[in-house]
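Peer 1: sequence and predicted model, in that order:
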Amino acid sequence: MKSALLEQLLQDRAAKRQVVLVTDLTSGEGQLLYPGESEGDDELLSAARRVMVADKSGIVELGDGRKLFLHVHNPPLRMLIVGAVHIAQPLSQMASLAGYDVAIVDPRREFASADRFPGITLIDAWPDDGVEQFAPDRRSAIVTLTHDPKLDDPALIKVLRSDVFYIGCLGSNRTHGKRLERLSAEGFGEADFARIHGPVGLDIGAKSPAEIAVSIIAEVTEALRRPARASAAAAAQ
Amino acid sequence: MANEAVEHDKVLEKAAEWKAGGKGVALATVVATWGSSPRPVGSQLVVEEGGDFVGSVSGGCIEGAVVTEARRTIQDGQTRLIDYGISDETAWQVGLACGGKCEVFIEPLE
């Protein structure tokens, strides 16, 4: 590997860019690909996109006979939960098990206590400031659970201006409709609304907080692993 | 997962640091595994010319052999693609006790 390539890789990692290091196992030639930022679909880029989404490095053999190692460098998965409510308890635990670094933002201290959320990062701030502290990126999922406009909306407005891979909002269809009306008034449009999963979670008839957490984790997982399908589903809601 | 990422960070940063300090450096990466291999594909070990290394490519079973090959790579500048596993006689001596197999790519940092 060339030193310049290593330097670039280290910079990309520090900037939390999703990058795939491609190494030709015969010649030793290396290159960096950014499948999340590039449109093309040639054989190599498609393969790189596949391993990046699956988060699984491995060897591919191209049609021209080249044997390449695709090394995925993905930033850690993170989840920000807005609202330290009951559902946040099982959701934060399940998300941790699924490999996410979880943070919860809630300015109401009696909700966001370390006793209720052992081992989880608690951000004691107004949700828009909380989002800023969290610094969401492409590998982040955001779930709003308060269904209180004065807490959820400021977070949503910030998050819609970032490139998180998942946005989910708790609340009924009616609540969600009103939410979209308020966001319209803030200048957001259809393309933004299509990114929001609301009501949050896959429709599996979940009732208890833990079951709702399961439906949310399942939907977040689909958005992560099958991005095209999940965004089509969100748009159809 | 997060710990894994942190470990990677240190390994590659150490490689850059050694290189910047004027040392010969080689990078070993697990590119394939079969069976119960202790470290996943993508795990890395960085070796400097004196034999110091950081990171890991197994549970300690083959690190010694990989470091030896990596020092050869530092000297001759050649990449190496080596299979370690129970079917390989050398590796049998080196010993992947878990019975797994892995393929390691060794390259110089130029």
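Peer 2: Received it, and whenever you're ready, just let me know what you need.
Peer 1: which parts of stretch B:35-51 are buried?
Peer 2: Residues B:37-39, B:41-48 are the ones in stretch B:35-51 that count as buried (16 or more other CB atoms under 10 Å in any protein chain shown). For glycine as for every other residue, the C-beta is placed from the backbone atoms N, C-alpha and C.
Peer 1: the residue minimising distance to the centre of chain B: what's it in contact with?
Peer 2: By CA atoms, centre = their mean, chain B has its centre lying nearest to B:A28, at 3.4 Å. Neighbour list for B:A28: B:44-47, B:57, B:66, B:69-70, B:104-106 [criterion: CB atoms under 8 Å, 6 or more residues apart in numbering or on different chains].
Peer 1: same for chain A: which of the residues you listed are within range?
Peer 2: Filtering the contacts of B:A28 for proximity to chain A (criterion: CB under 8 Å from any CB of the partner chain) leaves B:F105.
Peer 1: for the contacts of B:A28, give me a markdown table that also has pLDDT.
Peer 2: As requested, those are exported to a markdown table (pLDDT from 0 to 100):
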| residue | pLDDT |
| --- | --- |
| B:Q44 | 94 |
| B:L45 | 94 |
| B:V46 | 96 |
| B:V47 | 96 |
| B:V57 | 87 |
| B:V66 | 93 |
| B:E69 | 95 |
| B:A70 | 96 |
| B:V104 | 95 |
| B:F105 | 97 |
| B:I106 | 97 |
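Peer 1: may I ask which two of the contacts of B:A28 are separated the most?
Peer 2: The distance between the two most remote of the contacts of B:A28 (CB to CB) is 14.3 Å, for B:Q44 and B:E69.
Peer 1: hmm, who's touching the longest helix seen in chain A?
Peer 2: What stands out as the longest helix in chain A, according to DSSP state H, is helix A:209-225. Applying CB under 8 Å, 6+ apart, the set of residues contacting helix A:209-225 from outside is A:53-54, A:77, A:79, A:86-87, A:89-91, A:93-95, A:98, A:141, A:143, A:165-166, A:168, A:170, A:197, A:200-204, A:206, A:229-231, A:233-234.
Peer 1: which of those are buried?
Peer 2: The neighbour-count test (16+ other CB under 10 Å) marks A:53, A:77, A:79, A:86-87, A:89-91, A:93-95, A:141, A:143, A:165-166, A:168, A:170, A:197, A:200-202, A:206, A:230-231, A:233-234 as buried among the contacts of helix A:209-225.
Peer 1: strands - which of the buried residues of stretch B:35-51 land there?
Peer 2: Of the buried residues of stretch B:35-51, the ones assigned to strands by DSSP state E are B:44-48.
Peer 1: mind checking the end-to-end distance for stretch A:127-141?
Peer 2: 15 Å (CA to CA, to the nearest Å).
Peer 1: about what we covered before: wait, a helix at the residue nearest to the centre of chain B?
Peer 2: No: per DSSP: H, G, I helix; E, B strand; the rest coil, B:A28 lies outside any helix segment and is strand.
Peer 1: and the gap between it and A:L25?
Peer 2: 13 Å (CB to CB, to the nearest Å).
Peer 1: give me the neighbour count for B:T68.
Peer 2: B:T68 has 12 neighbouring residues, counting by other CB atoms under 10 Å in any protein chain shown.
Peer 1: next, it: phi, psi?
Peer 2: phi -60, psi -50 (degrees, to the nearest 10).
Peer 1: repeat for the one 5 residues further on
Peer 2: Backbone torsions for B:T73, taken as degrees, to the nearest 10, come to phi -60, psi -40.
Peer 1: relative to A:I87, how far out is the residue nearest to the centre of chain B?
Peer 2: With distances taken as CB to CB, B:A28 is found 45 Å from A:I87.
Peer 1: about what we covered before: so the residue nearest to the centre of chain B bridges to which residues?
Peer 2: Using DSSP bridges, the beta-bridge partners of B:A28 come out as B:L45, B:I106.
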